[in-house]
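*Asks:* Okay, sequence plus prediction incoming.
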Amino acid sequence: MPPSAASSVGATTRPKKSISSASAAPNNNLLRALSSISSCSRRHSPSAATLDILILLLVLFSCAFLVLSSLSHIARSLSALLPGGRCGRAGCKGLRGAGEFDLRLQTEECLKSMSAEAVQEIEGLPWKGGAEGKNPDYECLRAELRRMAPINGRAVLLFRAPCGCPVAKLEGWAPKRGRRNNKK
């Protein structure tokens with residue numbers, strides 16, 4: 001016997017209305033919620049949409065500010081833990097943002113009285129622009145150094161690394177002038 005015939009012969013069936021009403025109750029609630037949302041969106045005015053966008057932008061900017069400030073705080077704390085900008089040479093001070101060059105004017109007396117370490121610091125540096133300053137690109141600068149140098153002295157232009165250590169030099173010696181001996 002087919003199942004439809006058995007149900008029609010003598011079995012009592014529940015009314016279909018109760019089954020459909022039980023499942024329809026949640027659907028009705030859902031439909032009411034959706035209709036209330038859609039009616040709210042219909043009631044929005046253009047100024048309310050502008051206000052919503054403004055609030056969204058304020059929230060985004062405040063979140064970005066909080067994230068960036070915490071990242072900068074983390075970066076600052078990590079920079080304190082990491083080694084500084086030292087070049088690895090003995091006596092490197094690890095200065096940050098040191099000058100790119102330094103000009104030293106040294107007189108004859110200064111050169112004679114300087115300690116051997118101070119002289120070796122400058123003398124041991126490589127020449128800027130090649131060996132012994134034979135590069136014609138730096139000749140104009142060397143001529144200016146010669147004009148600035150004191151009598152029987154020199155002007156030394158020291159090129160520095162970002163940490164402050166001297167890297168190269170450019171010298172300009174003043175013309176030698178003999179001492180006058182006053183004989184009377």
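*Replies:* Received, thanks.
*Asks:* tell me, how many neighbours does the closest residue to R154 other than its chain neighbours end up with?
*Replies:* Excluding the flanking residues, the one nearest R154 by CB to CB, 6 or more residues apart in numbering is W173, at 4.7 Å. Every residue, glycine included, has its C-beta placed from N, CA and C. Burial measure for W173: 15 neighbouring residues, criterion other CB atoms under 10 Å.
*Asks:* In contact with W173, which residues are there?
*Replies:* R146, A149, G153, R154 (CB atoms under 8 Å, 6 or more residues apart in numbering).
*Asks:* TSV for those residues, including neighbour count, pLDDT and secondary structure?
*Replies:* Listed next are those as TSV, based on neighbours: other CB atoms under 10 Å; pLDDT from 0 to 100; DSSP: H, G, I helix; E, B strand; the rest coil:
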residue	neighbour count	pLDDT	secondary structure
R146	15	87	helix
A149	20	88	coil
G153	18	85	coil
R154	21	86	strand
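*Asks:* Most widely separated two among these?
*Replies:* R146 and G153 (10.7 Å; CB to CB).
*Asks:* what residues do these two have in common as contacts?
*Replies:* The contact sets of R146 and G153 overlap at W173, A174 (CB under 8 Å, 6+ apart).
*Asks:* Quick check: C63 vs A49, distance?
*Replies:* C63 is 21 Å from A49, where distance means CB to CB, to the nearest Å.
*Asks:* re earlier: out of the contacts of W173, the closest to V167 would be?
*Replies:* Looking across the contacts of W173 and measuring by CB to CB, the closest to V167 is R154, at 18.7 Å.
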